[in-house]
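> give me a 3D structure for the following:
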Amino acid sequence: ELRHQRALNEKLTYECALLKRLKFAAQSERHSADQRSLLEEELDSDLAAVAHEIEQLQPTEAAATNKQQPKRTPLPAKLPRHEIRHEPQSTICSTPGCGCQLKRIGEDVAEKLDYVSGVFTVERHIRGKWACAQCQTITQAPVAAHVIDKGIPTAGLLAQVLVAKYQDHQPLYRQESIFGRAGLAIPRSTLAQWVGTCGARLQPLVDALKAEVLGHRVLHGDETPVAMLKPGNGKTHRAYLWAYAPGAFEATRSVVYDFCESRAGEHARAFLGDWRGSLICDDYAGYKASFAQGVTEAGCLAHARRKFFELHAAGKSRIAELALNQFARVYEIEREVKDLPALQRQEVRQSQSRPALDALHEWMVLQRQQVAGNSATAKALDYSLKRWTALTRFVDDPQLPPDNNWIENQIRPIALGRSNWLFAGSLRAGQRAAAVMSLIQSARMRVPTGLIT
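Below is the predicted model:
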């Protein structure tokens, strides 16, 4: 009874600490890079302000002597230049008694970076009419293809609306006011019509992207909840946005989102269809039926590590600390082999990762025999031990990454945008959003960040 009470107290203490951490503490398992960037920006601003104040307090001569010219990176040559000439009002020497004509001997150039908000322009497509006087016929060049037939927006304007809505999470009413400041307030109803038409026109491209993704042997899979307005009662219910992407070691950089009404496993089976390969995912039961039909399960080592991280964060468990150290060793090896060719990556994994994982498994088995069955430590150990084959499958397959972090990174923009969406207005709206976001995110994955405009 005493052992049972101790295990129960440990379990309740762990759950209480975990709930407090989920409610009040940072959600990330490590220091957020975004938070670090934000802090650095504030520090840089403060440092620049202090430096300016010190410069203002120094005597004029001392400031001129001590000031060092920083080495500034030149502005990109591809940016358009607009020259502003500054010349004297008179080229006659103003020295008393001289009056000679001044001669230009050179110039100083200082470049300033400027930014102008969006500006509307009009494309005038002029098609000439050519008539034959003899046969009484008229000839014209064919009309160029447009996304919206007989519509006024160009492909560039439509792309701006879609990217602003689905990537920058700007609702259409905000875009209406933004366009108004640029000189033409396009009604949000018109923008909504454009978005709906584009969603339908882009669907064949999304279908082709899906076929390309399913052409790979290794896929990542994950899902995230999105509120959807339920017809009839004006309330929302929990829908899900599923995400699929080729493996982190595959050459193709793409992702396809699939918006569904629920988290049922039938949605995953419907998307995968006849695909048979290795699916990297968490332990969600919805994928189990696909595994029974021939799909190979590849587990997520990050999820297994997360159980011990939560255990250590809740109570500074010694067992959790030792497990985290062993996981850290495996991930250190992965950082060393991630850029190696497949065969070399497999050789290093077999020679270094395999012994480390075997030792970790043996240690977990021994620890499991010494802890109570209903304790939080037992649950963390059981999560890994019951899925050990799937968790370590990456050691024998060089194309498999050790975890599912790749797809979680691609689904993060969706999670960031939920605060602006609030909910999807309908199933069709959610599917349209998934289609457009698939194209946008895939384009961002294939283009270097510095080239995105």
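
> going forward, measure contacts and count neighbours with C-alpha atoms only.
Fine.

> C-terminal to the one helix or strand Glu321 maps to, what's the next element?
Counting by DSSP states H and E, the element that carries Glu321 is helix 318-337. Following helix 318-337 in sequence order, the next helix or strand is helix 342-348 (DSSP H and E).

> this protein: strands as residue ranges?
130-132, 137-139, 218-229, 236-246, 256-260, 278-280, 296-298 (DSSP state E).

> in the helix holding Glu321, what counts as buried?
Using 16 or more other C-alpha atoms under 10 Å as the test for burial, helix 318-337 gives 319-321, 323-324, 326-327, 330-331, 334, 337.

> among the strands of the chain, which comes closest to Ala359?
Closest approach to Ala359 among those (C-alpha to C-alpha): strand 296-298, 20.3 Å.

> Trp320 against Ala314, yeah?
Quick fix: residue 320 is Ala, not Trp. No - Ala320 lies out of contact with Ala314 (C-alpha atoms under 8 Å); the separation is 10.3 Å.

> can you list the low-confidence ranges for the protein?
21-56, 59-73, 75, 79, 112-117, 134-136, 231-234, 415-423, 448-453 (pLDDT under 70).

> domain map for it?
The chain breaks down by the TED database into domains covering 81-157, 301-395.

> out of the ones you listed, the one nearest Glu15 is which?
That would be domain 301-395 among these, by C-alpha to C-alpha, at 7.9 Å.

> tell me which of the strands of the chain sits nearest to Val147.
Checking the strands of the chain against Val147 by C-alpha to C-alpha gives strand 256-260 as the closest, at 22.0 Å.

> neighbouring contacts of the closest one?
206, 209-210, 213, 239-245, 267, 271, 427, 430-431, 434-435, 437-439, 442 (C-alpha atoms under 8 Å, 6 or more residues apart in numbering).

> what about 6 Å?
Strand 256-260 is contacted by residues 240-244, 430-431, 434, 438 when judged by C-alpha atoms under 6 Å, 6 or more residues apart in numbering.

> same question, stretch 262-270
Residues contacting stretch 262-270 (C-alpha under 6 Å, 6+ apart): 239-240, 286-287.

> I'd like those residues laid out as JSON lines, including neighbour count and distance to Leu385.
Listed next are the contacts of stretch 262-270 as JSON lines, based on neighbours: other C-alpha atoms under 10 Å; distance: C-alpha to C-alpha, whole Å:
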{"residue": "Ala239", "neighbour count": "22", "distance to Leu385": "32"}
{"residue": "Tyr240", "neighbour count": "21", "distance to Leu385": "29"}
{"residue": "Gly286", "neighbour count": "15", "distance to Leu385": "20"}
{"residue": "Tyr287", "neighbour count": "21", "distance to Leu385": "19"}
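
> make JSON lines out of the strands of the chain and add distance to Ile411.
Shown next, in JSON lines, are these (distance: least, C-alpha to C-alpha, whole Å):
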{"stretch": "strand 130-132", "distance to Ile411": "54"}
{"stretch": "strand 137-139", "distance to Ile411": "52"}
{"stretch": "strand 218-229", "distance to Ile411": "8"}
{"stretch": "strand 236-246", "distance to Ile411": "7"}
{"stretch": "strand 256-260", "distance to Ile411": "9"}
{"stretch": "strand 278-280", "distance to Ile411": "15"}
{"stretch": "strand 296-298", "distance to Ile411": "19"}
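
> and these: which comes nearest Leu343?
Nearest to Leu343, of all the strands of the chain, is strand 218-229, at 16.4 Å by C-alpha to C-alpha.
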